[in-house]
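Q: make a model of this:
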Amino acid sequence: MALLTPARPHAPRTGTAPPRSPSLQGLRGVAVLLVVAFHVFTDRVSGGVDVFFALSAFLLTGTFVRRAEAGRPLELRAYWLRTFSRLLGPLAVVLLAVLAAVLALFPPSRWEELFGHAWGSLLHVQNWVLAAEAVDYYAGGGAASTPLQHTWSLSLQGQVFLVWPLLLAGTAWASRRTGLRFRRLAAALFGTLFAASLAWSAVSTAAEPQGAYFDSFARVWEFALGSLAALAVAALPRPAEGAGPLRRHGAAALGWAGLGTVVATPFLVDAHTRFPGTVALAPTAGAAAVLLAAALAPRTGWGADRLLAAPVLTWFGDRAYGIYLWHWPLLVTYALVLFREDVPVLHGVGILAASLLLTRLTGPLVRLPGLLAPLLRARLRRPVTGELARLVTALALVAVPVGTAQAGNTVRVAQQQAVERAPQNYPGAAVLRGEAEAPAGVPLIPTGAERESEWGETGLPCSPEEGAEALAGLGDCWSVGPTDGSAPTRTLVVIGDSHAMQLLTPITRAAERQGWSVVSYLRMGCRYTGPAAPVDEDCAAFNAAARDAALARAPDAVVTVGTRSLPAAPHEELVEGWEEGAAPFLDAGVPVVAFRDNPRFPFDMFECVETYGADHPRCNVPRERALQGTDPLLEVAARHEDVRVVDLTDRLCTEDVCPAVVGNVVVYRDLDHLTSTYAATLTPDVEQRLRAALGW
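A: Predicted coordinates:
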């Protein structure tokens with residue numbers, strides 16, 4: 001029905017379905033073209049899927065209303081078997097094609113997630129799977145999306161196809177028991193569902209928009225609206241000899257208003273609009289208006305139904321299911337293979353054409369479950385209907401390959417997890433030092449589950465005399481010192497933001513080896529600089545307090561980050577006011593070590609590895625697009641004898657590229673922060689370069 005079924009609605013075997021409405025098919029065509037266009041070219045919600053929801057319920061409810069009011073059996077079992085066996089044929093072909101593409105093109109780190117989405121799609125629970133994963137559907141069809149993410153709507157419709165006949169059957173039973181008209185009871189039922197679900201949709205969308213987008217009950221009202229439209233159409237009086245002028249003009253106005261609302265929705269709803277909420281009333285109410293207008297006065301000659309009956313729109317409407325099934329996997333695979341974030345117009349048209357071509361070419365495969373069903377029936381002791389055998393065969397055709405691939409992947413992952421996290425397996429920066437080679441076949445670390453904990457090793461909270469009270473409410477104070485009770489041989493003070501924090505892993509490890517103490521004053525998002533630099537008041541207050549606390553400690557050296565990397569040209573700059581910030585320490589005779597910042601990329605490097613794989617060109621950025629050729633700090637050091645520069649670029653980049661993975665260790669936890677795991681492999685470099693810079 002509508003999106004989820006082939007072009008012609010399927011009524012139960014007995015009883016007569018009304019002829020297919022050209023305007024309804026044309027509306028399907030408009031809806032699927034909106035879906036494809038706005039999926040491919042924008043990050044906006046098209047509203048086309050919401051139109052399909054309303055159409056699905058309109059067709060389903062109309063079929064059962066006619067049967068119930070005629071006193072014929074509803075035949076729920078036959079309806080379910082026939083509907084789902086026909087739905088699953090095309091879906092099974094797409095799922096098998098996606099499985100092949102996943103194994104051939106997608107990095108193994110994503111396989112388990114994609115297998116889960118295959119099961120969610122097959123079992124019609126994909127919307128629940130995505131809600132549990134807190135997927136952002138507004139993120140668009142980029143490579144980081146999964147090629148089965150779009151099947152959430154098919155899952156939701158499948159759930160409605162299970163529940164709606166039960167509701168209608170219950171209504172028919174209540175009508176017989178109470179003597180009340182079936183249509184009135186159904187209107188009360190779907191009106192109540194509409195009001196309750198719409199209220200929940202508004203509340204949940206405002207509170208948790210990502211979860212609400214896939215929430216079944218937050219979407220039920222859209223189907224209820226389609227059912228109410230079907231009941232309204234059934235209640236319309238049929239004119240004896242065509243519609244009168246007033247009815248024709250009113251129907252034309254209603255139809256054009258409805259179609260205009262459907263088409264205007266994606267242009268008025270941007271990526272920041274919380275959807276569905278009450279905003280989804282626009283496309284669904286628009287679709288209902290078109291359906292009512294077509295029933296009020298069909299073939300008026302100037303109504304929207306004439307446009308919707310155009311052969312090109314009905315042609316797309318007849319193929320809407322196949323187009324919808326194929327366009328999203330093609331879009332995501334296109335983005336993955338070509339690592340594009342945008343789609344040129346001609347390429348987008350190509351994706352639509354490929355969707356149509358695959359719909360046509362895979363047509364014979366869709367009939368495969370029906371061809372194999374007799375084999376299943378012959379092997380079962382109990383006789384089964386052809387539709388049941390076809391449904392079970394389609395399920396098995398997908399479940400067996402997916403289950404086999406998932407089992408194989410589980411073995412592969414278990415074997416990889418058995419790899420010891422030892423330096424010989426994870427040499428990290430030792431590869432760039434020329435001390436080791438990275439063995440092949442070793443899973444990368446840290447894992448996605450460990451990513452959030454991959455900040456610097458800070459040590460323990462400071463004592464009051466170390467500066468804890470001076471920084472109270474402004475930032476954090478951490479301390480590391482000799483664990484054997486001996487007095488530290490040197491004292492370092494580290495001041496800065498998260499980029500200074502990430503350096504604490506190698507600094508504190510070097511300190512433990514050398515018997516130093518390290519006190520760090522940190523405030524996230526607040527690079528250390530002088531008092532005149534244009535920073536916010538809280539950051540300026542933190543810098544002043546950290547400066548005073550550091551001077552009070554009289555350390556042997558102060559460590560900061562002196563440059564700021566940028567995601568675009570010129571890619572790097574001196575921290576404004578840094579030289580002024582260093583002056584009080586230099587005046588006090590305290591050397592200042594300025595670390596050069598690590599590269600900052602325009603995208604998340606950790607996600608790049610998870611999406612494309614470590615060897616993909618996108619995850620290995622040319623060095624000239626990451627940092628300047630010369631460290632800007634060298635000019636400052638030339639002016640001040642006690643400014644010492646430490647540059648780790650050669651341990652983050654090769655001569656040509658700055659990779660996302662070095663020595664089986666993921667270098668970046670996001671777009672500009674080192675993972676603590678990789679930073680730990682920098683310990684020998686940091687130790688040696690600090691000692692050389694300070695003469696220790």
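
Q: average model confidence for the helix or strand where residue 113 lies?
A: For residue 113, the host element (DSSP states H and E) is helix 111-122. The average pLDDT for helix 111-122 rounds to 94.

Q: do stretch 172-182 as well
A: On average, stretch 172-182 scores 91.

Q: got the contact list for that stretch?
A: 65, 68, 69, 74, 171, 185 (CB atoms under 8 Å, 6 or more residues apart in numbering). C-beta coordinates here come from the backbone N, C-alpha and C atoms, glycine included.

Q: the second one contacts residue 168, correct?
A: Yes: at 6.8 Å, residue 68 and residue 168 qualify as touching, with contact defined as CB atoms under 8 Å.

Q: these two - which one has more neighbours?
A: Per other CB atoms under 10 Å, whichever of residue 68 and residue 168 has more neighbours is residue 168, with 25 against 21.

Q: find the residue closest to that one in space, skipping its chain neighbours.
A: residue 64 (4.4 Å; CB to CB, 6 or more residues apart in numbering).

Q: how far out from the middle of the chain is the helix or strand harbouring the one you found?
A: Under the criterion of DSSP H and E, residue 64 resides in helix 48-69. Here helix 48-69 is found 31 Å from its chain centre; the criterion is CA atoms, centre = their mean, to the nearest Å.

Q: quick check: buried residues in it?
A: For helix 48-69, the neighbour count (16 or more other CB atoms under 10 Å) marks 48-68 as buried.

Q: same thing with stretch 467-485?
A: Quick answer for stretch 467-485 (16+ other CB under 10 Å): 467, 468, 470, 471, 474, 475, 476, 477, 478, 479, 480, 481.

Q: helix or strand right after the worst-scoring helix or strand of the chain on mean pLDDT?
A: Least confident helix or strand, the chain: helix 368-379 with a mean of 63, by mean pLDDT, DSSP states H and E. Per DSSP H and E, helix 368-379 leads on to helix 386-417 as the next helix or strand towards the C-terminus.

Q: now the strands for the stretch 251-400 of the chain?
A: Using DSSP state E, counting those that start in this stretch, no strands are found in the stretch 251-400 of the chain.

Q: where in it is pLDDT low?
A: 271, 299-300, 369-385 (pLDDT under 70).

Q: what's stretch 681-692 in contact with?
A: 426-430, 433, 503, 505-507, 509-510, 513-514, 593, 646, 648, 651, 663, 665, 674, 696.

Q: and the pLDDT at residue 442?
A: 88.

Q: and residue 493, what is it in contact with?
A: Per CB under 8 Å, 6+ apart, neighbours of residue 493: 518, 519, 520, 521, 550, 553, 555, 557, 558, 559.

Q: one more pass at 6 Å, please.
A: Contacts for residue 493 (CB atoms under 6 Å, 6 or more residues apart in numbering) come out as 519, 550, 553, 555, 558.

Q: next secondary structure after the host helix or strand of it?
A: Element membership for residue 493, per DSSP H and E: strand 491-496. Using DSSP H and E, the helix or strand that follows strand 491-496 in sequence is helix 498-502.

Q: what sits up against that following helix?
A: 456, 494, 522, 524, 561, 597, 673, 674, 679.

Q: tell me, how many neighbours does the nearest residue to residue 647 once chain neighbours are set aside end up with?
A: Of all residues not flanking residue 647 in the chain, residue 596 sits nearest, at 4.4 Å (CB to CB, 6+ apart). The number of residues packed near residue 596 is 21, by other CB under 10 Å.

Q: and the gap between residue 596 and residue 530?
A: 19 Å (CB to CB, to the nearest Å).

Q: now do residue 458
A: Counting by CB to CB, the gap from residue 458 to residue 530 is 25 Å.

Q: try residue 422
A: Taken as CB to CB, the span from residue 422 to residue 530 is 45 Å.

Q: those two: who's more crowded?
A: Neighbour tally, residue 422 and residue 530, criterion other CB under 10 Å: the higher count belongs to residue 530, 20 against 8.

Q: using the three-state scheme, assign the more buried one.
A: Assigned with DSSP: H, G, I helix; E, B strand; the rest coil, residue 530 falls in the coil class.

Q: kindly report the same for the one 3 residues further on.
A: Remark: residue 533 carries the secondary structure label coil [criterion: three-state DSSP].

Q: if I look at the nearest residue to it once chain neighbours are set aside, how far off is residue 600?
A: Of all residues not flanking residue 533 in the chain, residue 577 sits nearest, at 3.0 Å (CB to CB, 6+ apart). Distance, residue 577 to residue 600, by CB to CB: 19 Å.
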